[in-house]
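Q: 3D model of this:
(one chain, ligands or ions: 1)
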Amino acid sequence: MRAWRFYGFNDLRLDEVPEPVCRPGHVIVEPLCVQPSVTEAQLAFGVRTLAYDKIKHRLETEAPVQLFGHEFSARIIEVAPDVTGFAPGDRVAARAKLPCGTCPLCRSERSHLCRRGPIIGFQLPGCFSERAILPEISLVKLDDRISDSEGACLQSLSDSVASVETADIAIGDSVVVFGQGSMGLECMQIARLSGAGQVITVDVRDESCRISRELGADHALNATQEDPVAAIRELTGGNGADIVFECAGGSPKQGLAGQKTVMQAIDAVRSGGKIIGVSWFGQPLEIDIDTLRERSLRYLFPDISTRGHLEHTVHLVASGRVELKSTITHVLDGLDKVPQAFEITANKGKYQAINPAQVVLCR
Ligand SMILES: [Zn+2]
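A: Below is the predicted model:
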């Protein structure tokens, strides 16, 4: 079969590789639609971000290596004899992080919290290939109402579900979301379903603000046209918002907001309120801890997303409560388009992409 393999950063080649062989607890799938995550796309070009050192080490010691491809929808074509929950023909998506099975968390039936197991696409081959082997415990079945394209977004959506759960929104809380990229739009929609009162979003692109309003934001502020912090304070009666999600930060080299939106999030939240840090930065940030201390701010980071979160995304999308279609801006056709998807996803600002670029492998 054909699979994309990395020979180094910025060196991706479509190779002929052996077919995966099914083993106990596993299934063989045919990927239907796959997208690089933003982190994967940045790592592909050697941008220092989450897991950079681990990937660098694998490339230096194991190349050529099949990397990435944990955001996908796929159809099962074979199951191991001990797999009972799935059958050939089922469409599935997967949770990327797997439990190790042996640590104290795994042994005490809290394996969903384990961070010692492998991650699909990082330690295990993902789905930038014609076929893939996946562990049964990572999988959820897709509802017929979910398209292949939407299915490829569920693993990232499950991180947004975990982010909103971490915020622990009380009914009526005012919520601000900085950044209306894919995760920002997801957090906004899930916050609305989870008791939020007034929902205010901030972006620098008119198109993202338009989609945000369409998907339910009460106010979508364009930070290039007005001071978002002043506007948020005015809309929340002077105090600031109860909860602020920071989904815009990241390296300015990739067209992201850098540290600026972190500072704005701190200024836009009310004293005693919560900031949920969703973004990755790839470098240390300088933050005045005394300000957080003086204002009793809770700067929280999302819990790890569980299989339960992934199952919840199936309900959210199948029932139409979360809308993904308008965020999917780039869909490419065929396995040979994978490098183009990496290029678009690593430079979403330049290509005006919202969701990562998707590649349809099979119809
Ligand atoms: Zn474990």
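
Q: Could you measure from residue 43 over to residue 342?
A: Separation of residue 43 from residue 342 (CB to CB, to the nearest Å) stands at 10 Å. C-beta here means a position set from N, CA and C on the backbone, and glycine is covered the same way.

Q: Correction: the previous question concerned residue 213.
A: Residue 213 sits 31 Å away from residue 342, going by CB to CB.

Q: more crowded one of these two?
A: Per other CB atoms under 10 Å, whichever of residue 213 and residue 342 has more neighbours is residue 342, with 26 against 14.

Q: List the contacts of the closest residue to residue 214 other than its chain neighbours.
A: Spatial nearest neighbour of residue 214, excluding adjacent residues (CB to CB, 6 or more residues apart in numbering): residue 326 at 6.8 Å. By CB atoms under 8 Å, 6 or more residues apart in numbering, residue 326 lies in contact with 211, 214-215.

Q: got it, and residue 111?
A: So residue 111 contacts 99, 101, 105 (CB under 8 Å, 6+ apart).

Q: quick one: it and the ion, what's the gap?
A: Noted for residue 111: a distance of 6 Å to the ion, by CB to the ion, to the nearest Å.

Q: again with residue 198
A: Plainly put, residue 198 is 41 Å away from the ion if you go by CB to the ion.

Q: Give the burial count for the nearest residue to that residue once chain neighbours are set aside, as a bare number.
A: In this structure, residue 198 finds its nearest non-sequential neighbour in residue 174, 4.6 Å apart by CB to CB, 6+ apart. By the criterion of other CB under 10 Å, residue 174 has 24 neighbours.

Q: In this structure residue 174 contacts residue 236, no?
A: Yes. The criterion here is CB atoms under 8 Å, and residue 174 meets it with residue 236 at 5.2 Å.

Q: Could you look up the SS state of the residue of the stretch 251-363 of the chain found nearest the ion?
A: At 11.7 Å from the ion, residue 304 is the closest residue in the stretch 251-363 of the chain, using CB to the ion. Secondary structure for residue 304, judged by DSSP: H, G, I helix; E, B strand; the rest coil, is coil.

Q: Might you report the residue contacts of the closest residue to residue 145 other than its chain neighbours?
A: Distances taken as CB to CB, 6+ apart place residue 318 nearest to residue 145, at 4.4 Å, with adjacent residues excluded. For residue 318, the contact set (CB under 8 Å, 6+ apart) comprises 143, 145-146.

Q: One more: residue 319?
A: By CB under 8 Å, 6+ apart, the residues touching residue 319 are residue 145.

Q: What values do phi and psi take at it?
A: Main-chain torsions, residue 319, degrees, to the nearest 10: phi -80, psi -10.

Q: and the gap between it and residue 350?
A: 35 Å.

Q: is it true that residue 355 touches residue 182?
A: Yes. Look at residue 355 against residue 182 with CB under 8 Å: they come within range, at 4.4 Å.

Q: More neighbours: which of the two?
A: Taking other CB under 10 Å, residue 355 and residue 182 do not tie; residue 355 has more neighbours (28 against 25).

Q: tell me which element the more buried one falls in.
A: For residue 355, there is no host helix or strand (DSSP states H and E).

Q: which stretches of the stretch 51-200 of the chain have low pLDDT?
A: In the predicted model, the stretch 51-200 of the chain carries no residue with pLDDT under 70.

Q: how about a cut-off of 90?
A: Applying pLDDT under 90 to the stretch 51-200 of the chain flags residues 109-113, 115.

Q: show me where it has strands.
A: With DSSP state E, counting those that start in this stretch as the criterion, the stretch 51-200 of the chain has strands at 71-79, 91-94, 132-135, 139-141, 175-178, 199-203.

Q: elements contacting the helix ranked longest in the chain?
A: Looking across the chain with DSSP state H, the single longest helix is helix 154-167. If you count contacts as 3 or more CB pairs under 8 Å, 6 or more residues apart in numbering; DSSP states H and E, helix 154-167 packs onto strand 71-79, strand 91-94, helix 182-193, strand 241-246, strand 269-277, helix 307-318.

Q: Tell me what angle that helix forms with helix 182-193.
A: If you take axes from the mean of the first three to the mean of the last three CA atoms, to 10 degrees, helix 154-167 sits at 50 degrees to helix 182-193.

Q: Give me the number of neighbouring residues for the residue lying closest to residue 229 once chain neighbours are set aside.
A: Leaving out its chain neighbours, the residue that sits closest to residue 229 by CB to CB, 6+ apart is residue 267, at 4.6 Å. Using other CB under 10 Å, residue 267 has 17 neighbouring residues.

Q: tell me which residues in the host helix or strand of residue 267 are buried?
A: According to DSSP H and E, residue 267 maps onto helix 260-268. Residues 261-268 are the ones in helix 260-268 that count as buried (16 or more other CB atoms under 10 Å).

Q: who are the neighbours of that helix, in terms of helices and strands?
A: When contacts are defined as 3+ CB pairs under 8 Å, 6+ apart, helix 260-268 packs onto strand 175-178, helix 228-235, strand 241-246, strand 269-277.

Q: where does the nearest residue to residue 131 once chain neighbours are set aside land on pLDDT?
A: Distances taken as CB to CB, 6+ apart place residue 1 nearest to residue 131, at 5.3 Å, with adjacent residues excluded. At residue 1, the model reports a pLDDT of 96.

Q: what do you get for residue 35?
A: If you check residue 35, the pLDDT there is 98.

Q: what's the burial count for residue 204?
A: A count of nearby residues for residue 204, using other CB under 10 Å, gives 19.

Q: do residue 86 as well
A: Other residues near residue 86 number 18, with proximity taken as other CB under 10 Å.

Q: before we move on, back to that, look up how far residue 359 lies from the residue nearest to residue 198.
A: The gap separating residue 174 from residue 359 is 39 Å, by CB to CB.
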